[in-house]
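>>> For reference, the sequence and a predicted model appear below.
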Amino acid sequence: MEDSSLTLFDVVVIGSGIAGSGAAWTAARAGARVLLLEKSQEPGGSAAMSAGMFWTAPTLDTYRARIPLGDVRLAERMLDDYPVALDELRSSGVFVAPDPQHNIMTFGIGYSFDIRSYLAHLRAGVIASGGQILTGIGSLRIDRDDAQPSFRLTLGRADGTALKIEAAAVVLATGGFQGSPELVSEHVGENASRLVLRSNPGSTGDGLRLAEHLGAAQAGDMGTFYGHLLPSPMQTFESENYLPYSQYYSERTIIVNFHGERFIDETLGDELINQKLVLQTGARGVMIFDDHVRRVHATAEPFPGLGVLDRYEVGVAAGARHAEASTIDQLVERIATTFGIGADRLADTLDSYRQALRVGGSDTGITVSANARAPLTAPFYAIEVQPSVTFTFGGIAIDDQARAIGAQGDPVPGLFAAGADIGGLSNFGYAGGLAPAYITGRWAGRNAAALARRETARRR
């Protein structure tokens, strides 16, 4: 006998970023009765705070080169689905740039689009198809009813009310665990507390915890994450500062730790420097560059729509420690005075860097790329930077149908995951945010709806 206090849905999606909204819309279009849940009062997650770039690796070979530890099986399926997903964006009527942008994060390809309008389009599609959207979810418990089989969810609302839901399928798309100091400390390590949160604060690992409770395994390197270098220190840091404060041009600089040593080939890109910096003493570094880099790269528009601004100037205005000089030797002395970095050690690092550029090879074991350029044009600059986290790369193990996978390698019946809740698609190297999230959300929504249809047919 059915419990009359239960509200029945085919698919419940937890999280309303682009992965969750994409999953809910896809499931609703497939005929499922969908409930989309969001813990915040406003839907959209971190996707709504992003620049709106639908990008990923251009080829599987490029993916392998950039993310050698990534899940190639997921990547191949994701790249195959990218053109179809892009067509869905275009057919929605929201703005999508007609021409692609190349070399995103040094290697990717993608299109600028109106992310906030597209999120609204997806939510409107869920409602139009008979689905529901609930925000302000204060607590959530999910249990598996093997007798049905189905999931039973208990929702606590911010107003103190509670709802009981039954659903054939659940999609986890809560955006990662970067908002949980405990989980970040557990997985990232010693300097985790120095990571600045550069995302919505609601992504605290709810999906990961629920998946574990239901028997799903983890995948990917749980200590890897996406973020960008930020000025250090900062007087304030709010969501409106996330994009303008990001020092995207760091790949054109020389960056040293507070021992005056390089620790990465800078040309690999800002998001990789960002991860390596958290491993350095104090998780702080100093970017060194010249007037050419400031005029050409620090003021460039990294993505269409971000606007042209002097990111060094913005960083200084935000409160970052910095130094300027008319010669490199003067800059070294001012860095020593301002940051307490040994002048002799720093001078040796810069000399080794210039020598490596002349003859090729590495600088004390750290590669100096042939594409690099030594500071040549006065004046010269230095600015202190710190790492941030936008979302985590490790997470729930899934297959290429977005089914959550248990410790023994079998799917957890009825449980799906997408977006930043999954692990392994990005793994130190970054395969993109919005595009992989949306595409894996489409997998989850489509397959969750199909499972719900089969379960409905079985009960008849």
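Received it, and whenever you're ready, just let me know what you need. The shown structure was predicted, so the numbers you read here are calculated from the model rather than taken from an experiment.
>>> drop to CA atoms for contacts and neighbour counts, all remaining ones
Will do.
>>> And the helices in this structure, which stretches?
18-29, 60-66, 72-91, 115-128, 181-188, 206-213, 242-245, 270-277, 291-293, 311-318, 328-339, 343-359, 434-459 (DSSP state H).
>>> Tell me where the model's unsure across the protein.
1-5, 363, 459-460 (pLDDT under 70).
>>> at 50 instead, please
Counting by pLDDT under 50, the chain contains low-confidence residues at 1-4.
>>> List the residues that contact the one residue sitting closest to the centre of it.
When C-alpha atoms, centre = their mean is applied to the chain, the residue found nearest the centroid is residue 391 (3.9 Å). Each residue near residue 391 by C-alpha atoms under 8 Å, 6 or more residues apart in numbering is listed here: 175-178, 199, 225-227, 420.
>>> Just name the closest of those residues to residue 69, please.
residue 225 (13.7 Å; C-alpha to C-alpha).
>>> mind listing what the nearest residue to that closest one once chain neighbours are set aside touches?
Spatially, and ignoring its direct neighbours in sequence, residue 225 is nearest to residue 392 (4.1 Å; C-alpha to C-alpha, 6 or more residues apart in numbering). By C-alpha under 8 Å, 6+ apart, residue 392 lies in contact with 176-178, 222-226, 420.
>>> at 7 Å what do you get?
176-178, 224-226, 420 (C-alpha atoms under 7 Å, 6 or more residues apart in numbering).
>>> what do you get for residue 419?
19, 173, 175, 436-438, 440-441.
>>> likewise residue 383?
Contacts here follow C-alpha under 7 Å, 6+ apart; on that basis residue 383 touches 286-288, 320-323.
>>> Now, those residues that are in strands?
Applying DSSP state E to the contacts of residue 383, the entries found in strands are 286-288, 322-323.
>>> from the residues you listed, which is closest to residue 374?
When those are compared against residue 374 (criterion: C-alpha to C-alpha), the nearest one is residue 288, at 9.7 Å.
>>> Could you report the neighbour count for the nearest residue to the closest one once chain neighbours are set aside?
Excluding the flanking residues, the one nearest residue 288 by C-alpha to C-alpha, 6+ apart is residue 382, at 4.5 Å. Close neighbours of residue 382, defined as other C-alpha atoms under 10 Å, add up to 24.
>>> just residue 303 next, same as before
Neighbour tally, residue 303, other C-alpha under 10 Å: 15.
>>> One more: the one 5 residues further on?
As a burial measure, the neighbour count of residue 308 was computed by other C-alpha under 10 Å and equals 14.
>>> Ramachandran angles for it?
Torsion angles at residue 308 (phi, psi; degrees, to the nearest 10) stand at phi -100, psi 120.
>>> Offset the numbering so it begins at 705, please.
Okay, residue one is now 705; in that scheme the one you just asked about reads as residue 1012.
>>> Does it touch residue 1002 like I think?
No: counting by C-alpha atoms under 7 Å, residue 1012 does not reach residue 1002; the two are 9.1 Å apart.
>>> so what's residue 922 up against?
Listed by C-alpha under 7 Å, 6+ apart, the contact set of residue 922 reads 1099-1101, 1127.
>>> is it in a bridge, and if so with what?
residue 1100 (DSSP bridges).
>>> follow-up on the earlier one: list just the nearest of the contacts of residue 1096 to residue 1080.
Distances from residue 1080 to these, taken by C-alpha to C-alpha, are shortest for residue 930, at 31.3 Å.
>>> what sits against the closest one?
Here residue 930 is in contact with 975, 1093-1096, 1134 (C-alpha under 7 Å, 6+ apart).
>>> Quick check: it vs residue 903, distance?
Applying C-alpha to C-alpha, to the nearest Å, the value for residue 930 to residue 903 is 10 Å.
>>> Equivalent analysis for residue 730, please.
25 Å.
>>> just residue 883 next, same as before
Distance of residue 883 to residue 903, computed by C-alpha to C-alpha: 8 Å.
>>> now swap in residue 980 and tell me
For residue 980, the distance to residue 903 - C-alpha to C-alpha - is 19 Å.
>>> The two: which is more packed in?
residue 903 (24 against 16).
>>> quick one: contacts for the more buried one?
750, 1094.
>>> Phi first, then psi, for it.
Given degrees, to the nearest 10, the pair of backbone angles that residue 903 has is phi -160, psi -180.
>>> got it, and residue 1009?
Residue 1009 has phi and psi values of phi 100, psi -10 when expressed as degrees, to the nearest 10.
>>> And for it, nearest residue in space, chain neighbours not counted?
Nearest one to residue 1009, counting by C-alpha to C-alpha, 6+ apart, is residue 755 at 7.3 Å.
>>> Please apply the same query to residue 933.
residue 1091 (4.9 Å).
>>> And for residue 865, the neighbour number?
Residue 865 has 10 nearby residues by other C-alpha under 10 Å.
>>> give the contact list for it.
Neighbours of residue 865 in contact, by C-alpha under 7 Å, 6+ apart: none.
>>> Then residue 775?
1128-1129.
>>> Quick one: neighbours of residue 729, just the number.
Residue 729 has 29 neighbouring residues, counting by other C-alpha under 10 Å.
>>> which ones are touching it?
Residue 729 neighbours (C-alpha under 7 Å, 6+ apart): 826-827, 829-830.
>>> Chain neighbours aside, what residue packs nearest to it?
That would be residue 830: by C-alpha to C-alpha, 6+ apart, it lies 5.1 Å from residue 729.
>>> any idea where the strands of the stretch 855-1004 of the chain begin and end?
In the stretch 855-1004 of the chain, the strands defined using DSSP state E, counting those that start in this stretch lie at 866-876, 900-901, 922-923, 929-930, 934-935, 958-960, 989-994.
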